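> One predicted model, sequence on top.
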Amino acid sequence: MLSYTLKEHSSIGMMNILNSLGYMKLAQSGSGRNSDIAMITEKAISRFKRKNKEYLAFLGLSIIDKKIVSSGKAGAIPLEYALGSNEKANLTVEPMINWQTMSDFASVTKDRSWLSIKQEWEISKVLDIELWYFSKPFLTESLNVLRRPAKGFKTYESTESYPKGNTNWIDYAVNKYPYRDISFSNTNSISTYDVLPHSILLWCLNKIYDSIINIVLVPADILSEIDELRNILGSNILPIVPTKNNLNKLPKSGAWAGYLNLYNEIEHIAILSGVLNEDKTRGCAYSIQTEKLFEEFTIYICEQFAVNNGFKIYKDNDDSSRIGLKQIGDSKFTMLSSLRPDIAFTSNDTLIIIDSKYKRHYDLANTNSSKENDWYQEMRNDLHQVICYNIFSQKPKKLFLLTHPKISSGLEFNIWRTNRDKNCIVGFLPIKFDNESQVNKITKVYEKNLNLILSNFI
């Protein structure tokens, strides 16, 4: 099966794809003899865009100058052939930073809105990254539920010297009484945790743990949550593999109403593990909003900084950083009603604004990349945006920063002082990643550099 790969915020040429999937041949056959290659290519691209519109949108991909250009999403999608075919090609967008660091991001996020799955869009292989990368929302919801777990009922038969529960009187009359056997076959019901929801949950826990290749790389909180959940469930419950049939049978009323969010998480783990597919060698399309994940991670780091350094923090993700704009006078002129920086810190005399940008700009600025390219103008626009928040505060000390991912070597931060106000600083404070990056290490380095800026320049 044909497969294509590119990195986030990069591009891949389309000509090989158009030829391999039959788009060029089809466009050529429908054109006149005198049609030039440019016209044929344009028709081929137009048909490709039309047939793969939904797939491309799912990963935020666009087509520019005969290239497929990626944005801030990673994942995998199928691609349609020019003519109808049951077979599809695959296109994978790999994250700009490594999967290990991605898992660190995922381990500190509070929701799963960054992950989308299209089960009906088959791709040629199951998700080839460790399942625990996506486990944090499932583990969090499991703990919320199992700290006050629901119980089900199971029946068992016992032979006793007296009738109890549902006694089998026919058995007594036919098989016992005539032979002067004074014993009774009783059917009893007991409440228990050993029920279908918990059995499937246990299977998910085992599957997540079994997906770990190098346990040293797994965040400690994920391992401790797996252990805590296993202890709550105990050793008397047998795991059951989730299927479409038994997932539909999960109880949803009464005490089980609190399990509905957990059922969604169980289904996602089952889909990602491939067990819901009849063909276990095939997977489904998925999309990871790494841009959003990076923003969430930046906010997490800044929250730690605020706690440790006595700042009050305002955030875009809970709408607390919103700055309202109130129109003066009567006018139909259309304008933004508010501005929303990603993160704002305040103390008695200091304002810090930080905007997260999941782009390659910082690394490009540290190389000999041409300033004539689009990235440079975009980087300037981002800096202008963060500086504009200056007009909304009267604090005597102000710091305006952009935070990018940093993969290459170079300075740990770059800052400038404005000419007219020595206490107004603008610049770039990236988050440095490498193959051994861990949340605690990244957080400490970022906090150290931010404190250096505050103590030495403001």
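Thanks, I have it. Residues are numbered from 1 along each chain as shown.

> what's the nearest residue to Trp132 once chain neighbours are set aside in contact with, if anything?
Nearest residue to Trp132 in three dimensions, chain neighbours excluded: Ile208, at 5.0 Å (Cβ to Cβ, 6 or more residues apart in numbering). Yep, even glycine has a C-beta here, placed from its N, CA and C like the rest. Residues counted as contacts of Ile208 (Cβ atoms under 8 Å, 6 or more residues apart in numbering) are Leu131, Trp132, Ser135, Phe138, Leu139, Ile226, Ile269.

> Identify all residues paired with the spatially closest residue to Ser62 that is not a sequence neighbour through a beta bridge.
Sequence neighbours aside, Val69 is the residue nearest to Ser62 in space, at 5.1 Å (criterion: Cβ to Cβ, 6+ apart). Taking DSSP bridges as the rule, Val69 bridges to Ser11, Ser62.

> for the record, mean pLDDT for stretch 3-10?
Stretch 3-10 shows a mean pLDDT of 89.

> Any regions of the stretch 101-250 of the chain where pLDDT drops low?
For the stretch 101-250 of the chain, the stretches flagged by pLDDT under 70 are 101-113, 125-130, 156, 165, 217.

> Report how many residues lie close to the nearest residue to Lys176 once chain neighbours are set aside.
Distance criterion Cβ to Cβ, 6+ apart; nearest residue to Lys176, sequence neighbours excluded, is Ser183 at 5.9 Å. Look at Ser183: counted by other Cβ atoms under 10 Å, it has 14 neighbours.

> which residues in the stretch 101-250 of the chain form strands?
Ranges of strands within the stretch 101-250 of the chain are 115-123, 152-160, 166-167, 184-192, based on DSSP state E, counting those that start in this stretch.

> Parallel or antiparallel, which strands does the third one pair with?
If I follow you right, that is strand 166-167. Strand 166-167 has these strand partners (DSSP bridges): strand 184-192 (antiparallel).

> Run through the helices of the stretch 101-250 of the chain in chain order.
Under the criterion DSSP state H, counting those that start in this stretch, helices of the stretch 101-250 of the chain are mapped to 136-146, 169-171, 196-210, 220-233, 244-248.

> got the contact list for the second one?
For helix 169-171, the surrounding residues in contact (Cβ under 8 Å, 6+ apart) are Ser185.

> Spit out the contact partners of the residue nearest to Gly22 when sequence neighbours are not counted.
Closest residue to Gly22 apart from its sequence neighbours, by Cβ to Cβ, 6+ apart: Ala82 at 3.7 Å. Counting by Cβ under 8 Å, 6+ apart, Ala82 touches Leu21, Gly22, Tyr23, Lys25, Leu26, Ala44, Arg47, Phe48, Lys51.

> From Ser46, how far out is the residue nearest to Ser62?
Remark: distance between Val69 and Ser46 (Cβ to Cβ, to the nearest Å) = 17 Å.

> Let me see the mean pLDDT of the helix or strand encompassing Thr92.
Using DSSP states H and E, the element containing Thr92 is strand 89-94. For strand 89-94, the mean per-residue pLDDT is 91.

> got it, and stretch 37-52?
In this model, stretch 37-52 carries a mean pLDDT of 92.

> how many other residues sit next to Lys164?
Around Lys164 there are 12 residues (other Cβ under 10 Å).

> per-residue confidence at Tyr362?
On pLDDT, Tyr362 comes in at 87.

> For the nearest residue to it once chain neighbours are set aside, give me its contacts.
Using Cβ to Cβ, 6+ apart and skipping residues adjacent in sequence, the residue nearest Tyr362 is His404, 3.8 Å away. Residues in contact with His404, defined by Cβ under 8 Å, 6+ apart, are Lys357, Tyr358, Lys359, Arg360, His361, Tyr362, Asp363, Phe428, Pro430, Ile431.

> Helix, strand, or coil at the third one?
If I follow you right, that is Lys359. coil (DSSP: H, G, I helix; E, B strand; the rest coil).

> For it, which residues are in contact?
So, once contact is read as Cβ under 8 Å, 6+ apart, Lys359 ends up touching His9, Gly72, Trp375, Glu378, Met379, His404.

> same for the helix or strand harbouring Asn381, what does it pack against?
Using DSSP H and E, Asn381 sits in helix 374-387. Contacts defined by 3 or more Cβ pairs under 8 Å, 6 or more residues apart in numbering; DSSP states H and E place helix 374-387 against strand 350-356, helix 361-365, strand 397-403, strand 424-428.

> Between those, which one is closest to Thr243.
When the helices and strands packed on helix 374-387 are ranked by proximity to Thr243, the top entry is strand 350-356, at 40.6 Å, counting by Cβ to Cβ.

> hmm, who's touching the closest one?
Contacts of strand 350-356 (Cβ under 8 Å, 6+ apart): 294-295, 298-299, 302, 311, 341-346, 382, 385-386, 389, 393, 395-403, 429, 450, 454, 458.

> Need the buried ones from those residues selected in PyMOL.
Per 16 or more other Cβ atoms under 10 Å, the buried members of those correspond to this PyMOL selection:
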select buried, resi 294+295+298+299+302+311+341+342+343+344+345+346+382+385+386+389+395+397+398+399+400+401+402+403+429+450+454+458
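
> If I average pLDDT within each of the helices and strands packed on helix 374-387, which one is lowest?
helix 361-365 (a mean of 86).

> Not counting sequence-adjacent ones, nearest residue to Asp181?
The spatial neighbour of Asp181 that comes closest, neighbours along the chain excluded (Cβ to Cβ, 6+ apart), is Asn175 at 7.5 Å.

> isn't that neighbour right next to Asn168, touching?
No - shown here, Asn175 and Asn168 do not form a contact pair, counting by Cβ atoms under 8 Å, at 9.2 Å.

> Of the two, which one has the most company?
Asn168 (17 against 13).

> If the closest residue to that one other than its chain neighbours is in a bridge, with which residues?
Distance criterion Cβ to Cβ, 6+ apart; nearest residue to Asn168, sequence neighbours excluded, is Ser185 at 4.1 Å. Beta bridges link Ser185 to Thr159, judged by DSSP bridges.

> Good, wrapping up.
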